[in-house]
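Enquirer: Sequence first, predicted model second:
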Amino acid sequence: MTIRVLDPSSEANPQEIKPATRLKSLRGKTVGFISNGKEGSAGFFAHLDRLLRERYEVANVVLQVKSNYSAPAEATIIDAAKTWDLAITGLGD
């Protein structure tokens with residue numbers, strides 16, 4: 001039996017990405033959501049928005065929705081995310 005492992009990456013030479021520095025607190029921070037735009041994501045992000053504001057004193061929550069659920073986020077969304085303290089992505093199937 002032969003096992004083939006497929007590489008799903010779209011780049012021949014992907015850039016090395018280092019994780020962001022962990023936040024010590026969410027208090028007063030801006031959190032951005034990037035949604036795939038499917039129906040189930042609206043309720044999920046609304047609930048998460050409430051939890052972040054009530055429990056962790058997040059100051060601002062921004063929701064961005066991709067125009068195509070199966071494609072990468074548009075450049076405008078990526079540019080907006082650069083101003084956030086934290087980004088959360090999600091899908092709703």
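Expert: All right, it came through fine.

Enquirer: CA atoms for contacts and neighbours, from now on please.
Expert: Noted.

Enquirer: Can you give me the buried ones in the top helix by length along the chain?
Expert: Longest helix of the chain, by residue count under DSSP state H: helix 39-56. Neighbour counts over helix 39-56 (16 or more other Cα atoms under 10 Å) mark 41, 42, 45, 49, 52, 53 as buried.

Enquirer: Secondary structure element holding residue 88?
Expert: strand 86-90 (DSSP states H and E).

Enquirer: Export that strand to CSV, keeping only CA atoms.
Expert: Output in CSV follows, covering the C-alpha atoms of strand 86-90 (Å, rounded to 0.1, in the frame of the first residue of the first chain):
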residue,chain,number,x,y,z
LEU,A,86,-6.7,40.8,17.6
ALA,A,87,-8.3,39.1,14.6
ILE,A,88,-10.7,36.1,14.8
THR,A,89,-11.8,34.2,11.7
GLY,A,90,-14.7,31.9,11.5
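
Enquirer: Mind listing what's buried along the helix or strand of the chain with the lowest mean pLDDT?
Expert: When the helices and strands of the chain are scored by mean pLDDT, DSSP states H and E, strand 86-90 comes last with a mean of 91. Using 16+ other Cα under 10 Å as the test for burial, strand 86-90 gives 86, 87, 90.

Enquirer: mind checking how far residue 62 is from residue 92?
Expert: 17 Å (Cα to Cα, to the nearest Å).

Enquirer: now the closest residue to residue 77 other than its chain neighbours, which residues is it bridged with?
Expert: Setting aside the residues directly before and after it, residue 77 is nearest to residue 64 in space (Cα to Cα, 6 or more residues apart in numbering), at 6.7 Å. For residue 64, the beta-bridge partners are residue 34 (DSSP bridges).
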